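K.L.:
Build the 3D model from these lines:
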Amino acid sequence: MSASEPVRVRLFSVLKERTGQSEILLDAGDVDSVGAALSALGRTYPVIADYRRWIRPAVNRAYADEDTLLKSGDELALITPVSGG
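P.N.:
Next up, the predicted model:
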């Protein structure tokens, strides 16, 4: 049996700054949906839990919701609102 590829989580903006990470790898067997991934990440990185309601997730470069299923090798991007001036 071959090992599955991890889900690659990409962080931007405030999430990247506050976690000190631009990318986090999650075991695909541990997270079956975007919501499960956000919950798991929020336990390790509280800032993700704090910003959860404002995070706009994207799976494989398409916007998704928390019910979207994840599979081995997927990319999950956590996009937060940005403001300009």
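K.L.:
and the longest helix seen in the chain, what does it pack onto?
P.N.:
In the chain, assigned by DSSP state H, the helix with the most residues is helix 34-44. Using 3 or more CB pairs under 8 Å, 6 or more residues apart in numbering; DSSP states H and E as the contact criterion, the neighbours of helix 34-44 among helices and strands are strand 7-11, strand 23-26, helix 46-51, strand 56-59, strand 75-79. To be clear about C-beta, it is placed using only N, CA and C from the backbone, and glycine gets the same treatment.
K.L.:
give me that answer again for 6 Å
P.N.:
Identification of packing neighbours for helix 34-44 by 3 or more CB pairs under 6 Å, 6 or more residues apart in numbering; DSSP states H and E yields helix 46-51.
K.L.:
List the buried residues in the helix it packs on.
P.N.:
Residues of helix 46-51 classed as buried by neighbour count (16 or more other CB atoms under 10 Å): Ile48, Tyr51.
K.L.:
So Leu26 sits against Arg10, correct?
P.N.:
No: at 11.6 Å, Leu26 does not count as touching Arg10 under the criterion of CB atoms under 6 Å.
K.L.:
Pick out whichever of those two has more residues nearby.
P.N.:
Neighbours of Leu26 and Arg10, each counted by other CB atoms under 10 Å, are more numerous for Leu26; the result is 19 against 16.
K.L.:
which ones are touching the more buried one?
P.N.:
Leu26 is in contact with Pro6, Val7, Ala37, counting by CB atoms under 6 Å, 6 or more residues apart in numbering.
K.L.:
go on, Val59?
P.N.:
Contact criterion CB under 6 Å, 6+ apart gives Thr68, Asp74, Leu76 as the residues in contact with Val59.
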